[in-house]
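Q: Just to be clear, the model below is a prediction. Sequence and coordinates:
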Amino acid sequence: MISQHRTIELSLAERAGWLNDGIPGCSVAESLVLLGNAGRLTSGVPESLGGIGGTILGAIEEISSVSEQCLTSGFVFWCQRTFIEFLTLSSNHWLRHQILPKILQGERSGSVGFANAMKHLVGIEPLQVKVSLDAETVTLDGFLPWVSNLQPHNFVVAIAAQANTGEKLIIAVPSGAKGLERGEDLQLLGLQGSWTSTLHLNQVRLSRKWIISEDADSFLASLRPAFLMLQCGLGLGITRRSNQETLQSIDGSNQSVLANRLRYNTLTLIQLEAQLWKLSALSSFENSDLRELLELRLALFRLAVDSVCLELEAKGETAYFKPSGTARRLREVAFLPNLTPSLLELGRELQQSGNIFS
């Protein structure tokens, strides 16, 4: 009998190409429901909040396992799981008990519109959404040019916003909010089925019960390690799969050319996995730990790109046919260098680390 885990893997693998291309009639909602029904979105979530407990490493490995089969599903899993992390760390009882359950089940999409917020955290750009406050409500205005996991008419998105008085908040915004407009899906090289679009906020007025945090800077800083470690699951998954594919393609005709390079990639991956396991066990992050995590995230995503390129060489001309798994992984992995924080942004931050981590 095929296990539930294996059944899900086969389903994800079967639809990976369709989701990457955004073929009509194939929705990543099916992936979320599969993962939700199997309880795989709840790894690392406290039992008191509907999870199965454990550490964040369990969630990282779940994202990795999905990403081995389909990076579109893996990326949407990361979006969902990161939103879950926001709610579990929030002190907002209403959000945790009224909104979180459907997110954990995959019945509703959870999104994080934080490309701008994470850049703001390290001083790259100002917050693009403004908020005005009164005793009972918050009102949001602004534009976000890139947000993923926006299931049409069925999502909640976490947004960072700044008031004229200087206050910075993180607010959960439901898809049905008046004044919130989701654009058409952006046309992407890969991961087309990831529900990636724009968000316009025009006088979006919400009850204060939708506030995740009233101190965005502190909240984002405390959540950043988990944000980055969960992203590592994406790189782990596609690297592991690509290394397996390369190994299967090595024979007597190419072994002398490929074996040492694959061995190097494999040993590098083992070292990075050990680092990640160590960091995931930390209860708090010192400046030196954060620097190590930034270096790890940078190295892992670069390794993912290198591994898929080696797979292309190993597979030869068959890999260049569009329906091949290698061709799909090439378009999938091209996304990773640009996922916030991009490799360029990480490199700049590490160059400036004498000031940042002093």
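A: In hand now; what should we look at? Just so it is clear, the structure is predicted and the values come from calculations on it, not from any experiment.
Q: Which secondary structure elements does the helix or strand where residue 347 lies sit against?
A: Using DSSP states H and E, residue 347 falls within helix 343-351. Under the contact criterion of 3 or more CB pairs under 8 Å, 6 or more residues apart in numbering; DSSP states H and E, helix 343-351 touches helix 287-315. C-beta coordinates here come from the backbone N, C-alpha and C atoms, glycine included.
Q: on contacts alone, who are the packing partners of the helix it packs on?
A: Using 3+ CB pairs under 8 Å, 6+ apart, helix 287-315 is in contact with helix 216-249, helix 255-280, helix 325-333, helix 343-351.
Q: CSV for the ones you listed, including distance to residue 13, mean neighbour count and mean pLDDT?
A: Below are those laid out as CSV (distance: least, CB to CB, whole Å; neighbours: other CB atoms under 10 Å; pLDDT from 0 to 100):
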stretch, distance to residue 13, mean neighbour count, mean pLDDT
helix 216-249, 10, 21, 97
helix 255-280, 21, 15, 96
helix 325-333, 9, 22, 98
helix 343-351, 27, 15, 95
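Q: CA-only coordinates of the helix holding residue 347 in CSV, if you can.
A: What follows is helix 343-351, C-alpha atoms only, in CSV (Å, rounded to 0.1, in the frame of the first residue of the first chain):
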residue,chain,number,x,y,z
LEU,A,343,21.2,37.3,-3.4
LEU,A,344,22.3,40.8,-4.3
GLU,A,345,20.6,42.2,-1.2
LEU,A,346,22.1,39.5,1.0
GLY,A,347,25.6,40.2,-0.5
ARG,A,348,25.2,43.9,0.2
GLU,A,349,24.1,43.4,3.7
LEU,A,350,27.0,41.0,4.5
GLN,A,351,29.4,43.5,3.0
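Q: Grab the nearest non-local neighbour of residue 198.
A: residue 183 (3.8 Å; CB to CB, 6 or more residues apart in numbering).
Q: what about that neighbour, distance to residue 248?
A: 41 Å (CB to CB, to the nearest Å).
Q: ok, the residue sitting nearest the centre point of the chain - contacts?
A: When CA atoms, centre = their mean is applied to the chain, the residue found nearest the centroid is residue 78 (3.5 Å). Residues near residue 78 by CB atoms under 8 Å, 6 or more residues apart in numbering: 63, 230, 231, 233, 234.
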